[in-house]
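Engineer: need a 3D model of the sequence below.
(chains A, B, C and D)
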Number of protein chains: 2
Amino acid sequence: MADDEHEGPERGTDSVPADEARPGPRRGAPTIYDVAQVAGVAPSTVSRTFSRPGRVNSETADRIRKVAAELGYRTNPMARALSTTHTNLIALVVPDITNPVYFEIINGVQDEAAEAGYIVVLVDSRESDRQERDALERALPIVDGIVLGTSRMSDAAIRMIAKQKPMVVINRAVREIPSVVPDNPRGVRRALEHLGELGHTTVTYLAGPEASWADGMRWRGLREASLELSVHVRRIGPLAPTVAGGIAGAKAWLQAPTTGVIAYNDLVAIGFMRAVQARGVRVPEDVSVVGYDNIFAADLVTPSLTTVATPRRALGSAAVRNLVAQMKGAHPRGGPPVVVPVKLMERSSTAAATEQP
Amino acid sequence: MADDEHEGPERGTDSVPADEARPGPRRGAPTIYDVAQVAGVAPSTVSRTFSRPGRVNSETADRIRKVAAELGYRTNPMARALSTTHTNLIALVVPDITNPVYFEIINGVQDEAAEAGYIVVLVDSRESDRQERDALERALPIVDGIVLGTSRMSDAAIRMIAKQKPMVVINRAVREIPSVVPDNPRGVRRALEHLGELGHTTVTYLAGPEASWADGMRWRGLREASLELSVHVRRIGPLAPTVAGGIAGAKAWLQAPTTGVIAYNDLVAIGFMRAVQARGVRVPEDVSVVGYDNIFAADLVTPSLTTVATPRRALGSAAVRNLVAQMKGAHPRGGPPVVVPVKLMERSSTAAATEQP
DNA sequence: GTGAAAGCGCTAACAA
DNA sequence: TTGTTAGCGCTTTCAC
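Structural biologist: Predicted coordinates for the structure are as follows:
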């Protein structure tokens, strides 16, 4: 281990009491210049070794890598970013981390991003247009691309931002912007089919927030399916996409009950069930309810909730794949959204229709 | 709108078919030099205007800001980072985003970080020591500090990293490293007290993962409280901190039932309830169960779960406050952990003890 | 295949 | 208070 003697004194200096070295950037972290000097090559060669392997003789490269390892060299991301103008960061925007729907999306995004060598920056928009724009504005200059997971911003605002950085939108279609969405029409259709097969002739749709693109899609899909399947659908809402929203929906529903109910999402469905159960209405005996999303809690409540499972992890990873392609130079395809399939999870909150409650 | 004529031709060029302008860094984004020139000052003055307001004449500053606004100047974070060596990014490490326990922590961290002008980078360690180290290793060079939300790494590994960047640990105490933890001893004590008051004389503790620092704390707290309160405690485990873990725990518990059960966390409690209910055991009539954490689903299950609420949002924000102080130069205080209070939520899964089931 | 040198955009002494 | 001048560490032509 008789190293290059140049190292001697410096190492020695380095080993003063660690207490002295307060946390922070390592003073004198080795740079390409240090490596270059020890390896007896030019800095540019060291740079190439790490940024363009292959553009350098494999023997010199080996030597350089060895020296780098010995010196503990790590390429400085900021310096690299300054000259290349990309950071290997992507922003993931979600309206509310607290909403169980996003966990899996986050996971999908994380996984795929990690695989592609990107780090993700979380932007929580707190369900607010303003917050979302501000937070995004702050993150924008440091990221290479953006995944918009269910945005609350206007199409115009979204397009504005998409002009500045590659972007892909989840759970929403915005013209000219690549997007990936679950197969909502199919989802609500399956839900309605299921209820129809169980003999329900009229079902109530507990609608989501007015601004929700997905809600529009679902309601439309429901109406279309309604015709084909000759099941009547009614609509209550708009409702907040939460347990509280479901409770509010229940109040309205009690005025004019139906034997079947399809909710905007699982949270609403759960709120609805609790509220009607509290009034003595039995689920599924008196009313069958179908949720949407298949969140974790759907399988925990009593009765367990029949629901349309959206492939949220797939949504997240598909989005990142698309984004990475864009960042690698592919032109953003303004085509139709990528749609990923959904699946009906039949559980215990639905049963054959009996008489009107 | 007769702008500076210099802009004319370039703007024109800029408005060619948008398809041509592939997404990416705005070509020729204005720099401090552009602003300086137009404002008739030196670049350094522009720099100061934004990085050290106050160190520049307020009139010139106004003028500069005006020009900057007109030109659409935005300071380049990468360039700034390169010369200052800090990025205004902090890393938040959580073992599993999917675990409901972390949502609120994430929120607390996000809020406090935003307030302090930091952006958070999410590092999901997938409950794996390896993954955590790798991911952290990647994020390390670009962040100014780290919040470790329930780490799976060894104390030594943690200390290693803390040498490089300011850090604060949540849910765990590591010597020499600032940390913030919930009042676990108090939490389990309250749980046991509650059960004791209800007449339970023997309770089973459904233990968490072996590697869990919190589990150790809770078990220890339980044993101590057991003496004082003269309630017998038994232990089953280690168990995975999941619904599945709870189901496994139920199997063991059925061999030797007790009228009271305290679970490592809510997920375990929920799994336990489901499993014993499936065997015909009634909750709370036959067995009272207390969870830990008060996750969202705790109030959704049947019966709703009595549980110890940990102030997770407070945990997150306290951690960031401490971290920011460190990054601002305060020496990391190796003192005792900051402990935040917990609270017992009495719901429907606990009731007076009857005979042994 | 490798080296020399010019930036990337900003901050930070040091002068004036 | 403001200007001048070096860098920060890396990438990237352009020669050799």
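Engineer: contact residues of the stretch 1-150 of chain A facing DNA strand D?
Structural biologist: Within the stretch 1-150 of chain A, the positions near DNA strand D by Cβ under 7 Å from any atom of the strand are A:29, A:31-33, A:43-44, A:47-48, A:50-52, A:73-76, A:79-80, A:82-84. Every C-beta, even on glycine, is put in place using the N, C-alpha and C of the backbone.
Engineer: same list, the residues you listed, but only the ones touching DNA strand C.
Structural biologist: Filtering these for proximity to DNA strand C by Cβ under 7 Å from any atom of the strand leaves A:Pro43, A:Ser44, A:Arg48, A:Ala79, A:Leu82, A:Ser83.
Engineer: got the phi and psi for the nearest residue to A:Thr302 once chain neighbours are set aside?
Structural biologist: Nearest residue to A:Thr302 in three dimensions, chain neighbours excluded: B:Thr302, at 3.8 Å (Cβ to Cβ, 6 or more residues apart in numbering or on different chains). Phi and psi for B:Thr302, reported as degrees, to the nearest 10, are phi -120, psi 120.
Engineer: which of the residues of the stretch 1-150 of chain A next to DNA strand D are buried?
Structural biologist: Buried members of those, counted by 16 or more other Cβ atoms under 10 Å in any protein chain shown: A:Thr31, A:Ile32, A:Ser47, A:Arg48, A:Phe50, A:Tyr73, A:Asn76, A:Arg80, A:Leu82.
Engineer: list the residues that contact the first one.
Structural biologist: Neighbour list for A:Thr31: A:Tyr73, A:Asn76 [criterion: Cβ atoms under 8 Å, 6 or more residues apart in numbering or on different chains].
Engineer: I figured A:Gly108 hits A:Thr310, correct?
Structural biologist: No: judged on Cβ atoms under 8 Å, A:Gly108 makes no contact with A:Thr310 at a distance of 11.6 Å.
Engineer: who has more neighbours, these two?
Structural biologist: Neighbours were counted for A:Gly108 and for A:Thr310 using other Cβ atoms under 10 Å in any protein chain shown; A:Thr310 has more, 27 against 24.
Engineer: show me where the stretch 251-357 of chain A has its strands.
Structural biologist: Under the criterion DSSP state E, counting those that start in this stretch, the stretch 251-357 of chain A contains strands at A:260-263, A:288-293, A:306-309, A:338-340, A:343-345.
Engineer: just to revisit the earlier point, in JSON lines, list the buried ones among the residues of the stretch 1-150 of chain A next to DNA strand D along with pLDDT and secondary structure.
Structural biologist: Putting those into JSON lines (pLDDT from 0 to 100; DSSP: H, G, I helix; E, B strand; the rest coil) gives the following:
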{"residue": "A:Thr31", "pLDDT": "96", "secondary structure": "coil"}
{"residue": "A:Ile32", "pLDDT": "97", "secondary structure": "helix"}
{"residue": "A:Ser47", "pLDDT": "97", "secondary structure": "helix"}
{"residue": "A:Arg48", "pLDDT": "96", "secondary structure": "helix"}
{"residue": "A:Phe50", "pLDDT": "96", "secondary structure": "helix"}
{"residue": "A:Tyr73", "pLDDT": "96", "secondary structure": "coil"}
{"residue": "A:Asn76", "pLDDT": "96", "secondary structure": "coil"}
{"residue": "A:Arg80", "pLDDT": "96", "secondary structure": "helix"}
{"residue": "A:Leu82", "pLDDT": "96", "secondary structure": "helix"}
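Engineer: could you check the pLDDT of the residue of chain A found nearest chain B?
Structural biologist: Using Cβ to the nearest Cβ, the single residue of chain A nearest to chain B is A:Thr302, 3.8 Å away. Confidence at A:Thr302, expressed as pLDDT, is 89.
Engineer: with A:Val94 instead?
Structural biologist: Note on A:Val94: pLDDT of 88.
Engineer: same check, this time on A:Ser230
Structural biologist: A:Ser230 is assigned 94 on the pLDDT scale.
Engineer: assign the most centrally placed residue in chain A to helix, strand or coil.
Structural biologist: Geometric centre of chain A, nearest residue: A:Ile105, 3.5 Å, by Cα atoms, centre = their mean. Following DSSP: H, G, I helix; E, B strand; the rest coil, A:Ile105 is assigned to helix.
Engineer: if you skip the residues just before and after it, what's nearest to it?
Structural biologist: Computed as Cβ to Cβ, 6+ apart, the closest residue to A:Ile105 that is not its neighbour in sequence is A:Gly316, at 4.3 Å.
Engineer: quick one: residues contacting the one you found.
Structural biologist: Neighbouring residues of A:Gly316 by Cβ under 8 Å, 6+ apart: A:Glu104, A:Ile105, A:Ile106, A:Asn107, A:Gly108, A:Val109, A:Gln110, A:Asp111, A:Glu112, A:Val147, A:Gly149, A:Ile170.
Engineer: wait, the second one touches A:Arg312, no?
Structural biologist: Yes: taking Cβ under 8 Å as the definition, A:Ile105 is a contact partner of A:Arg312 at 4.8 Å.
Engineer: for A:Ala39, grab the count of nearby residues.
Structural biologist: 22.
Engineer: from DNA strand C, how far off is it?
Structural biologist: Relative to DNA strand C, A:Ala39 is positioned 9 Å away (Cβ to the nearest atom of the strand, to the nearest Å).
Engineer: also A:Arg234?
Structural biologist: 57 Å.
Engineer: swap in A:Gly187?
Structural biologist: The gap separating A:Gly187 from DNA strand C is 46 Å, by Cβ to the nearest atom of the strand.
Engineer: that residue: helix or strand, and which one exactly?
Structural biologist: For A:Gly187, the element it lies in under DSSP states H and E is helix A:184-197.
Engineer: so how far is that helix off the chain centroid?
Structural biologist: From the chain centre to the centre of helix A:184-197 is a distance of 25 Å (Cα atoms, centre = their mean, to the nearest Å).
Engineer: mean confidence score for the helix or strand just after that helix?
Structural biologist: Counting by DSSP H and E, the element after helix A:184-197 in chain order, helix or strand, is strand A:202-206. For strand A:202-206, mean pLDDT rounds to 98.
Engineer: against which helices or strands is strand A:202-206 packed?
Structural biologist: Secondary-structure packing of strand A:202-206 (3 or more Cβ pairs under 8 Å, 6 or more residues apart in numbering or on different chains; DSSP states H and E): helix A:213-229, strand A:232-236, helix A:243-255, strand A:260-263, helix A:266-278.
Engineer: same list (the ones you listed) but as TSV, adding mean neighbour count.
Structural biologist: Conversion of those to TSV gives the following (neighbours: other Cβ atoms under 10 Å in any protein chain shown):
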stretch	mean neighbour count
helix A:213-229	18
strand A:232-236	16
helix A:243-255	19
strand A:260-263	30
helix A:266-278	25
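Engineer: between these, which one is nearest to A:Ala353?
Structural biologist: Nearest to A:Ala353 among those is strand A:260-263; the distance by Cβ to Cβ comes to 6.9 Å.
Engineer: need the strands for the stretch 1-150 of chain A, in chain order.
Structural biologist: A:89-94, A:119-124, A:145-149.
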